[in-house]
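1. Coordinates for the following, if possible.
(chains A and B)
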Amino acid sequence: KAGVTQTPRYLIKTRGQQVTLSCSPISGHRSVSWYQQTPGQGLQFLFEYFSETQRNKGNFPGRFSGRQFSNSRSEMNVSTLELGDSALYLCASSPLWGAGNTIYFGEGSWLTVV
Amino acid sequence: KNEVEQSPQNLTAQEGEFITINCSYSVGISALHWLQQHPGGGIVSLFMLSSGKKKHGRLIATINIQEKHSSLHITASHPRDSAVYICAVSAGGGADGLTFGKGTHLIIQP
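-> Residues are numbered from 1 along each chain as shown, chains lettered A, B, ... in the order given. Model (predicted):
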């Protein structure tokens, strides 16, 4: 069974640009969540989607957005990139939303903003 | 907002030693996750706990809901156990709005 797949793995963007990251969950998983990891702040929750609906959102500015498609694949978008957005962005999937679900992480997308 | 504290931040031990990593949180939770991250970024979920104790191979995780504390133990540690171990808690269970600890950097020397 294929794991969580994130694309692209590595990318470099310029300040002010926007970026879209993609996540394909494990087959049959309907919940997808996104996280940002930086050396200074560690891991932080961005948002979670289930059945194409955003169920929860972390404390990030509106420049960070996401969506989920009917096949459970998800994308996140960051507009007007800032240097501080340089981070590892991780996606995770789980079978359902709510208590009692193990989460499965992708390898992440490394974003560098210059 | 839940505060998650892990200790120690860094730990170096010899192969074969018994390892304990601690996690404390400030607000009641519905689930606690122990995660392992190797260099390069990939994260693996080791355990999800809501009560009691779980064991998988040489790894044991316990949680005390009343004391808001969890421990991860590694028996007969091996250099391949070297990684960052991260505690994360959820108020709503599953991946719902996880709050993470800063991680414990573990190095097992041969």
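2. Can you check what pLDDT the model gives residue 105?
-> Chain wasn't specified; assuming chain A. Looking at residue A:105, its pLDDT reads 94.
3. wrong chain, I was asking about chain B
-> The score at residue B:105 is 97. That number is its pLDDT.
4. what's the nearest residue to it if we skip its chain neighbours?
-> Nearest residue to residue B:105, sequence neighbours excluded (CB to CB, 6 or more residues apart in numbering or on different chains): residue B:10, at 4.8 Å. (Each C-beta comes from the backbone N, C-alpha and C, glycine too.)
5. ok, that neighbour - contacts?
-> By CB atoms under 8 Å, 6 or more residues apart in numbering or on different chains, the contact set of residue B:10 is B:104, B:105, B:107.
6. Spit out the contact partners of residue B:59.
-> Contacts of residue B:59 (CB under 8 Å, 6+ apart): B:46, B:47, B:72, B:73, B:74, B:75.
7. mind redoing it with 6 Å?
-> Neighbouring residues of residue B:59 by CB atoms under 6 Å, 6 or more residues apart in numbering or on different chains: residue B:74.
8. Could you measure from it over to chain A?
-> Distance of residue B:59 to chain A, given as CB to the nearest CB, to the nearest Å: 14 Å.
9. now do residue B:30
-> 5 Å.
10. bridging residues for the nearest residue to residue B:97 once chain neighbours are set aside?
-> If the residues on either side of it in the chain are set aside, residue B:97 comes closest to residue A:56, at 4.6 Å by CB to CB, 6+ apart. Beta-bridge pairing for residue A:56 (DSSP bridges): residue A:48.
11. ok, residue A:31 to chain B distance?
-> 6 Å.
12. mind checking how far that residue is from residue A:53?
-> Going from residue A:31 to residue A:53 by CB to CB, to the nearest Å gives 11 Å.
13. more neighbours, these two?
-> The neighbour count for residue A:31 versus residue A:53, taken as other CB atoms under 10 Å in any protein chain shown, is higher for residue A:31 (25 against 10).
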